[in-house]
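Visitor: Here is a sequence together with a model predicted from it:
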Amino acid sequence: VNGEVFVTNKVYPPVDYISVYSPVLLSANTKIMNWAINFTENGYAFYKLYLNSLVNKYSLFIPTDEYLDNYIDPIAYGQDKQGVLKYKYVSKTASVTAYVYVYDKTTGIVGTNAVDSIKDNTFLKNRLWDMLDSHIVVGSVDNGDGYYLTKANDFIKVEGSGTSMTVKGGADIVNTATPPQVTKVYSQANGKTYFLDKPISP
């Protein structure tokens, strides 16, 4: 992919290697989002089929694994006791676990010790699919410097291009937070995949 060599002993359909899903499948540090994309429900891996479609063009933003360890869950944010989820991929079981940490939205301070862990696949699928929806744009964002609508019907603001591109969700703009920065760009047959240094906050 884009001159990078990935080693794998698995056999995949040819489209897996040319679609925007390919960099997620083949990268060593996108295992969490790869798990979410491959999650099968009613016999179908919906997101894999969706992102492998060669009919549409996509801009797929993927926060890599090391940046999914401080995710402020939008549902938890509205509760009396807020929390952040730190997602971890467990290689031994090929599964994902979310560890819950106390979070003070006034100070932005995250607790140092996990207060709970969540291994329920239905919950994990729900939260990661929600994140995926806000990281997919049908069409190109190559021009940058504009607003785009995600699959989740959230607006994102894209500025710059290539690895100088930043992507702001609504919360990133309102809180004037440091925006997610693109770290790598992969040109695929049905669009581009952008690796990010943090999730977009809608």
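Guide: Looks like it arrived, so ask away.
Visitor: Quick check: mean pLDDT of the host helix or strand of Lys86?
Guide: Assigned by DSSP states H and E, Lys86 falls within strand 83-90. Averaged across strand 83-90, pLDDT comes to 92.
Visitor: so where's this structure shaky on pLDDT?
Guide: For the chain, applying pLDDT under 70 flags the ranges 1-13, 77-78.
Visitor: what's the strand holding Lys86 packed up against?
Guide: Strand 83-90 makes packing contacts with helix 31-38, strand 71-72, helix 74-77, strand 95-104 when contacts are defined by 3 or more Cβ pairs under 8 Å, 6 or more residues apart in numbering; DSSP states H and E. For glycine as for every other residue, the C-beta is placed from the backbone atoms N, C-alpha and C.
Visitor: First-to-last residue distance for stretch 183-196?
Guide: 6 Å (Cα to Cα, to the nearest Å).
Visitor: how far out from the middle of the chain is that stretch?
Guide: In terms of Cα atoms, centre = their mean, to the nearest Å, the centre of stretch 183-196 is found 13 Å from the chain centre.
Visitor: same question, stretch 59-73
Guide: On Cα atoms, centre = their mean, the centre of stretch 59-73 falls 5 Å from that of its chain.
Visitor: Can you dump the C-alpha atoms of it in PDB for me?
Guide: The C-alpha trace of stretch 59-73 is given here as PDB (Å, rounded to 0.1, in the frame of the first residue of the first chain):
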ATOM      1  CA  SER A  59     -12.700   9.700   2.500                       C
ATOM      2  CA  LEU A  60     -12.000   7.400   5.400                       C
ATOM      3  CA  PHE A  61     -10.500   8.900   8.600                       C
ATOM      4  CA  ILE A  62      -9.000   6.300  11.000                       C
ATOM      5  CA  PRO A  63      -7.600   7.200  14.400                       C
ATOM      6  CA  THR A  64      -4.800   4.600  15.000                       C
ATOM      7  CA  ASP A  65      -4.700   2.400  18.000                       C
ATOM      8  CA  GLU A  66      -2.400   4.400  20.200                       C
ATOM      9  CA  TYR A  67      -4.800   7.400  20.000                       C
ATOM     10  CA  LEU A  68      -7.900   5.500  21.000                       C
ATOM     11  CA  ASP A  69      -6.900   5.300  24.700                       C
ATOM     12  CA  ASN A  70      -8.600   8.600  25.800                       C
ATOM     13  CA  TYR A  71     -11.900   8.700  24.000                       C
ATOM     14  CA  ILE A  72     -14.600  10.900  25.600                       C
ATOM     15  CA  ASP A  73     -17.800   8.900  25.000                       C
END
